[in-house]
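1. Sequence and computational prediction follow.
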Amino acid sequence: MNNQRRNVLKTGSGAALLSVLAAAGIITPGMALADWNKAAFDAKSMADTLKAMGAGAPADSKDVQVTGPDIAENGAVVPVGVATSLPNVTMVAILIEKNPNALAASFTLPEGTEANIQTRVKMGQTSNIYALVKSDGKFFMATKEIKVTLGGCGG
Amino acid sequence: MTQVSLKALATVVLAVASIGSTLAQDSKIADELAKYREALADGNPADLFEVKGEGLWLEKRGPKNASLEQCDLGQGPGKLEGAYASLPKYFKDTNKVMDVESRLVHCMMTLQGFTLAEATKQWYSKPGKDSDIEALVTFIGAKSNGMKIKVPATHPEEAKMAKMGEYIFYRRSGPQDFSCSICHGQEGKRIRLQELGNLTTQEGAGFAMKTWPSYRVSQGTVWTMQRRLIDCMRQARWPEPNYLADSIIALETYLQKTATGTVMETPGIKR
Amino acid sequence: MGNPMKIRAANKDGVTEIKALISHEMETGQRKDAAGAVVPAWFITELTAKLGDKIVLAAEFGPSVSKNPYLAFKFKGGAKGDKVVVSWKDNKGDSRTDEAVIN
């Protein structure tokens, strides 16, 4: 088994990981990131992340879609999309409940940019993925479970 | 195996168990995996390697300060279209059957003046250490995209290599008494969720060979066919051949010959 | 710095679709090297896409965005021949800008 795959597995090992994260310098004081929402990216749980983003407890909305495969062959690259038909969307974000830090990415959408974004994220293990959307100043959310499998050899 | 992977596996097994018959499970999982693979195909990170490879091909480098533009990959100097799909093949100037990688290294040595050690030092990338060969092979491979694999192995030296490759394919060896053919010599086999191709048929070998070189999601880099096969040996617990070893070129010749007629879809992307 | 991005930009019926592939390690800070030492986190934190002077997308990434990130989005406006410029910076202070012409 190769190192990288082993390490993708390790992302699932919960609390032990947090100390590794700190040791690894993800949370270094030297990072001069004026705009980057450090508090939100550093937050561990969904609740803390939502709080750091000023989203409180968003309402579930059928008008928000999270797209992605039901099963991902490899957690290192999981295609995920967020789309919504809600009006005046200024922000969308992707959160992964069981990752060490829930927030994967957030996007500020100026007027004219469609609330429809695709990207790829890492998942340490099978988890719910949340799409968070800010529409007319209010937050809405939708979720989808993606199962992460670990394949055999080959390919 | 770590606990996590077992847990993930158990989750899948549970999900599978609730679906019903084996056939239904297989097709449902196959559909979902197909969706996953399809979602990755548009925006294959291998495209980044192709762009970089083109730059390296044109760049004057090495002690001779020369580009690779005059490199003859079997279709004439500088002719890249279809070259990958027609390799390995016999080259008069070296009196050897060469694959794309051994020929590329040959060009880096003869045209650019690199030593073998210099040219092959970083034949595959490690995190933070890019491999020029990965980028160059991706670029060369892409020039055969949409073309048919054409390795009839009619030259006596090529025929000999194909025969040697076939012999290696079926030869049981190593501490596990393992051969390539145990996993890749029958229809309908799989290891966990990965289907195992039957490489003894044109369809199976074609399916396997047409998508290389390929971006490996699990490694975050492009794998060349040399790396793929050397790693197969490792996984079969065989001693690992050296990079550019004749045994690997022989296997490639056998597989490309079997796959001949299949249309290339490269670069590929795999989990 | 870094290797070039690959940006595709296509306009159809007044809507421009951008598909960008970015060359970056996106190291999580959780991986250990062969010697057992933790490989420090190294990831893109911010990315912006502009049409002329107008920002059409501003993104913030954490380390759980995949290696060699991929991003696809659409905006109203842009015309064939217009330039789209994508820039990123990472947590080490490195940055890169590439552009593509809308077709």
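-> That came through, no problem. Residues are numbered from 1 along each chain as shown, chains lettered A, B, ... in the order given.
2. how far away is the closest residue to chain A within the stretch 151-271 of chain B from B:A259?
-> Closest approach between the stretch 151-271 of chain B and chain A, counting by CB to the nearest CB: B:I191, at 3.4 Å. Backbone N, C-alpha and C define where each C-beta goes, glycine included. Using CB to CB, to the nearest Å, one gets 21 Å for the distance from B:I191 to B:A259.
3. cool, A:Y130 as well?
-> Taking CB to CB, one finds A:Y130 at 44 Å from B:A259.
4. Any idea how many residues pack against B:T138?
-> Residues near B:T138, counting by other CB atoms under 10 Å in any protein chain shown, number 29.
5. Setting aside sequence neighbours, what's the nearest residue to it?
-> Closest residue to B:T138 apart from its sequence neighbours, by CB to CB, 6 or more residues apart in numbering or on different chains: B:F49 at 4.0 Å.
6. Tell me if the helix or strand encompassing B:E38 is near chain A.
-> Taking DSSP states H and E as the definition, one finds B:E38 inside helix B:22-41. Yes. Contact of helix B:22-41 with chain A (CB under 8 Å from any CB of the partner chain) involves B:I29, B:E32, B:L33, B:K35, B:Y36, B:R37, B:A39, B:L40.
7. what residues are up against the fourth one?
-> If you count contacts by CB atoms under 8 Å, 6 or more residues apart in numbering or on different chains, B:K35 has them with A:P69, A:D70.
8. likewise B:L196?
-> Going by CB under 8 Å, 6+ apart, B:L196 touches A:G154, B:C183, B:H184, B:K189, B:R190.
9. Now flag whichever of the residues you listed is closest to B:E157.
-> Lowest distance from B:E157 to the contacts of B:L196 (CB to CB) belongs to B:H184, with 25.3 Å.
10. Just give me the longest strand of chain A.
-> Using DSSP state E to define each element, chain A has its longest strand at strand A:138-148.
11. from the chain's centre, how far out does that one sit?
-> Centroid separation between strand A:138-148 and its chain, computed with CA atoms, centre = their mean, to the nearest Å, is 9 Å.
12. again, but for stretch C:59-66
-> For stretch C:59-66, the distance to the chain centre is 10 Å (CA atoms, centre = their mean).
13. which other residues reach that stretch?
-> A:26, A:35-37, A:41, A:76-78, A:96, A:99, A:101, A:103-108, A:119-123, C:26-29, C:41, C:43-48, C:69, C:71.
14. Now intersect those with the strands, please.
-> Short answer: the contacts of stretch C:59-66 in strands (DSSP E) are A:78, A:96, A:103-108, A:119-121, C:44-48, C:71.
15. near chain B too, which of those residues?
-> Near chain B, judged by CB under 8 Å from any CB, the entries from the ones in strands among the contacts of stretch C:59-66 are A:R120.
16. Give me the nearest residue to the most centrally placed residue in chain B, chain neighbours excluded.
-> For chain B, the residue nearest the mean C-alpha position is B:M225 (2.4 Å; CA atoms, centre = their mean). Among residues not flanking B:M225 along the chain, B:W212 sits closest, at 5.0 Å (CB to CB, 6+ apart).
17. hang on, the earlier thing: which of the contacts of B:L196 fall within strands?
-> Among those, DSSP E puts B:K189, B:R190 in strands.
18. The longest strand of chain A pairs with which strands?
-> Strand A:138-148 has its sheet partners listed here by DSSP bridges as strand A:59-60 (parallel), strand A:71-72 (parallel), strand A:127-135 (antiparallel).
19. Which parts of chain C are strands?
-> Under the criterion DSSP E, strands of chain C are mapped to C:6-12, C:15-21, C:44-51, C:54-61, C:70-76, C:83-90, C:95-101.
20. Tell me the buried residues in the first one?
-> Spelled out, it's strand C:6-12. Within strand C:6-12, the residues that count as buried by 16 or more other CB atoms under 10 Å in any protein chain shown are C:K6, C:I7, C:R8, C:A9, C:N11.
21. What is the nearest of those residues to C:I18?
-> C:A9 (5.3 Å).
22. C:D98 is in contact with that closest one, correct?
-> No. C:A9 lies out of contact with C:D98 (CB atoms under 8 Å); the separation is 11.3 Å.
23. Now do the contacts for the nearest residue to A:V121 once chain neighbours are set aside.
-> Excluding its sequence neighbours, the residue lying closest to A:V121 (CB to CB, 6+ apart) is A:A104, at 4.6 Å. Going by CB under 8 Å, 6+ apart, A:A104 touches A:V80, A:A93, A:I94, A:L95, A:I96, A:V121, A:K122, C:F61, C:G62, C:S64, C:V65.
24. Show me which of those are buried.
-> Buried, going by 16+ other CB under 10 Å: A:V80, A:A93, A:I94, A:L95, A:I96, A:V121, A:K122, C:F61, C:G62, C:S64, C:V65, out of the contacts of A:A104.
25. wait, which of the residues you listed is closest to A:L86?
-> Taking CB to CB as the measure, A:A93 is the one of the buried ones among the contacts of A:A104 closest to A:L86, at 14.0 Å.
26. Surely that closest one is within a helix?
-> No. Per DSSP: H, G, I helix; E, B strand; the rest coil, A:A93 lies outside any helix segment and is strand.
27. Chain B against chain C: which residues are in contact?
-> Proximity of chain B to chain C (CB under 8 Å from any CB) is limited to residues B:D42, B:G43, B:N44, B:P45, B:D47, B:L48, B:V51, B:K52, B:P127, B:G128, B:D130, B:G220.
28. In ChimeraX, select just the buried ones from those.
-> Buried subset of those, written as a ChimeraX selection, criterion 16+ other CB under 10 Å:
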select /B:43,44,45,47,48,51,52,127,130,220
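29. Show me which pair in the residues of chain B next to chain C is furthest apart.
-> B:D42 and B:G128 (27.4 Å).
30. In this structure B:I230 contacts B:W238, no?
-> No. Look at B:I230 against B:W238 with CB under 8 Å: they stay out of range, at 9.7 Å.
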